[in-house]
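K.L.:
below are the sequence and a predicted model for it; my questions follow.
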Amino acid sequence: MRRRGARNFAARLLAWYARQQRDLPWRRTRDPYRIWVSEIMLQQTRAQAVIPYYERFLSRFPTVAALAEAAESDVLAAWSGLGYYSRARNLQKAARAIVAAGGFPRDYEALRRLPGIGPYTAAAIASIAFGQPHAVLDGNVLRVLARLENDPADIASSRTRARFQQMAGRLLEPKDPAAFNQAMMELGATVCLPRAPRCLLCPVAQDCRALAAGTAEQLPVKLRPGRQERIEQTLVRVEKRGRLLLRQRPADAGRMAGFWELPAVEDLPGVRLNGALGSFRHTITRHLYVFTVRSGTLARAPRGFRWLSGAELGALPLSTAARKALRLGNFPQGFVPKL
DNA sequence: AATCCGGGGCA
DNA sequence: TGCCCAGGATT
C-alpha cells in the first residue's frame, strides 16, 4: 500500500489466505445461486451461525427455480431462527425476478437492483461468483482499513464509508478479486478482531500504521450511543387437549410478519392464570424484553388465535421468543423446539 | 443521516 | 452487560 505498494500488500494477504482460510461450505462452490444465498445469510450474521441454516436451506431449495416456486411460509420456516426475516422475503422476491428475467444477473448494477442486495452484497457476488473487480466493504473490511491507516474517523458516517470504499478499491488485487475480498474479510474475522487483535499472527502487520502507533485496539472509532430499552411482558401458555393457543402476526406487521407467537396476558381477556413457568430475556435489536411465562386456561380461542399441535408447530415459522417460552416446560409432547 | 430489523456469542 | 457480526430498506 504505502511503503511497499499495494501489490506486495495483496501478495502477503493472498498468500496468508491461501494457507489459513477456514473451510466454509460456500467456498466449495462457484454456483452464483449458492454464493448469493450465503451472502444474504451472512448479512449481520456470523459464519458459524449460518452454516447449519445454509446446508438445510439449500437441500430444501436447491435451485433458484425451486426457491421461486416455494410457498413463502416454507421459506420463512427454513429461515426461522436466523433473524432479519426481510432477508428471506427479499431473497424469494429476487428469485422470482431472476426466473422471470431468464437468468442470473452477472454485473454489479443489475445485481444491485434486486431486492435485498445492497452495495456490499452486489460487490460480493460480482467478485466471488463472476470474478469482477468490485471491492467489498463490510464491518471486517472497515476495521482492517481503519487500522492499516490508523484512521480515527467515525465509521458510522457515510462520508467515512465512501472514503474507505475508495481505499478498498485501490488495494483490490484485480487478478483475483474473489480471493482478495474474501481474504480481507477473513483477516477481520480471524486475526484483526474487534478486541484483542492478534497482531503477532497478522500477515500484513508491516503495513499497519495502527500497530506501529499502538492504537489498534482503539480502532475503528464508532460513534452512536444507541441506548437499550427494557420491556417487561407476561406471556401465557394456554393448552387444551394437547394443543397450544397461538396467534399469527398480521401480514402487515412491521416486524416478524406472519410469524406465530404466544399471546401476551393482555391479549386474552377472561384468561384464568395459573402458576408461573419461568422467565427469560430476549434481545431484539435495541429492545431488551424480559418475559415471564405463565400457564393459563381459556374456554375458547379469541379472534385471530388457533389451537395448534406440536406437529403443526414444526412446519410453521415460530418466533424465537416463542421457542424459548416453550422450552420452559414440556409442551407439547414430543415437540422439541430447535434453537 | 437516523432508525429499524433478530439473534447469538463473546469478554 | 455491551458490542459486534460477510447490511439493507425505509423515513
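P.N.:
Great, that's in hand.
K.L.:
helices of the stretch 201-339 of chain A, start to end?
P.N.:
A:209-213, A:310-314, A:320-327 (DSSP state H, counting those that start in this stretch).
K.L.:
what's the closest non-adjacent residue to A:F164?
P.N.:
Closest residue to A:F164 apart from its sequence neighbours, by CB to CB, 6 or more residues apart in numbering: A:L145 at 5.1 Å. Bear in mind the C-beta positions are built from the backbone N, C-alpha and C, glycine included.
K.L.:
now do the strand or helix carrying that neighbour: everything it contacts.
P.N.:
Of the helices and strands defined by DSSP states H and E, A:L145 is found in helix A:139-148. Applying CB atoms under 8 Å, 6 or more residues apart in numbering, the contact partners of helix A:139-148 are A:1, A:135, A:151-153, A:155, A:161, A:164, A:167-168, A:184-189, A:192, A:194, A:197, A:204, A:207-211, A:216, A:219-221.
K.L.:
hmm, which of these are the buried ones?
P.N.:
With neighbours counted by 16 or more other CB atoms under 10 Å, the contacts of helix A:139-148 contain buried members at A:1, A:135, A:151, A:153, A:155, A:161, A:164, A:167-168, A:184-189, A:192, A:197, A:204, A:207-211, A:216, A:219-220.
K.L.:
follow-up on the earlier one: tell me which of the helices of the stretch 201-339 of chain A sits nearest to DNA strand B.
P.N.:
Distances from DNA strand B to each of these were compared by CB to the nearest atom of the strand, and the smallest falls on helix A:320-327, at 3.2 Å.
K.L.:
so how far is A:V136 from the residue of the stretch 201-339 of chain A found nearest DNA strand B?
P.N.:
The stretch 201-339 of chain A approaches DNA strand B most closely through A:R255 (2.7 Å), counting by CB to the nearest atom of the strand. Per CB to CB, to the nearest Å, A:R255 is found 28 Å from A:V136.
K.L.:
of those two, which one has the most company?
P.N.:
For A:R255 against A:V136, the residue with the higher neighbour count under other CB atoms under 10 Å is A:V136, and the figures read 26 against 12.
K.L.:
just the pLDDT at A:C192, thanks.
P.N.:
The pLDDT attached to A:C192 in the predicted structure is 97.
K.L.:
in this structure it contacts A:A205, no?
P.N.:
No. Taking contacts as CB atoms under 8 Å, A:C192 lies outside contact range of A:A205: 10.0 Å.
K.L.:
residue of chain A closest to DNA strand C, please.
P.N.:
Closest approach of chain A to DNA strand C (CB to the nearest atom of the strand) occurs at A:G118, with a separation of 2.5 Å.
K.L.:
starting at the chain centroid, how far to the helix or strand hosting A:V37?
P.N.:
Under DSSP H and E, the secondary-structure element containing A:V37 is helix A:32-41. Here helix A:32-41 is found 12 Å from its chain centre; the criterion is CA atoms, centre = their mean, to the nearest Å.
K.L.:
and if you look at stretch A:180-192?
P.N.:
With CA atoms, centre = their mean as the basis, stretch A:180-192 stands 18 Å off its chain's centre.
K.L.:
anything in that stretch near DNA strand B?
P.N.:
No. Stretch A:180-192 stays clear of DNA strand B (CB under 7 Å from any atom of the strand), getting no nearer than 11.8 Å.
K.L.:
render the CA-only coordinates of that stretch in CSV, please.
P.N.:
The C-alpha coordinates for stretch A:180-192 follow below in CSV (Å, rounded to 0.1, in the frame of the first residue of the first chain):
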residue,chain,number,x,y,z
PHE,A,180,-8.8,-10.7,-2.3
ASN,A,181,-12.2,-9.7,-1.0
GLN,A,182,-12.6,-12.9,1.0
ALA,A,183,-9.1,-12.6,2.3
MET,A,184,-9.8,-9.1,3.7
MET,A,185,-12.9,-10.3,5.4
GLU,A,186,-11.2,-13.4,6.7
LEU,A,187,-8.4,-11.3,8.2
GLY,A,188,-11.0,-9.2,10.0
ALA,A,189,-12.9,-12.3,11.2
THR,A,190,-10.0,-14.3,12.5
VAL,A,191,-7.0,-12.0,13.1
CYS,A,192,-7.9,-8.4,13.1
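K.L.:
ok, A:A264 - contacts?
P.N.:
Contacts for A:A264 (CB under 8 Å, 6+ apart) come out as A:233-236.
K.L.:
make CSV from those and add neighbour count and pLDDT to it.
P.N.:
Shown next, in CSV, are the contacts of A:A264 (neighbours: other CB atoms under 10 Å; pLDDT from 0 to 100):
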residue, neighbour count, pLDDT
A:Q233, 14, 86
A:T234, 17, 89
A:L235, 24, 91
A:V236, 25, 93
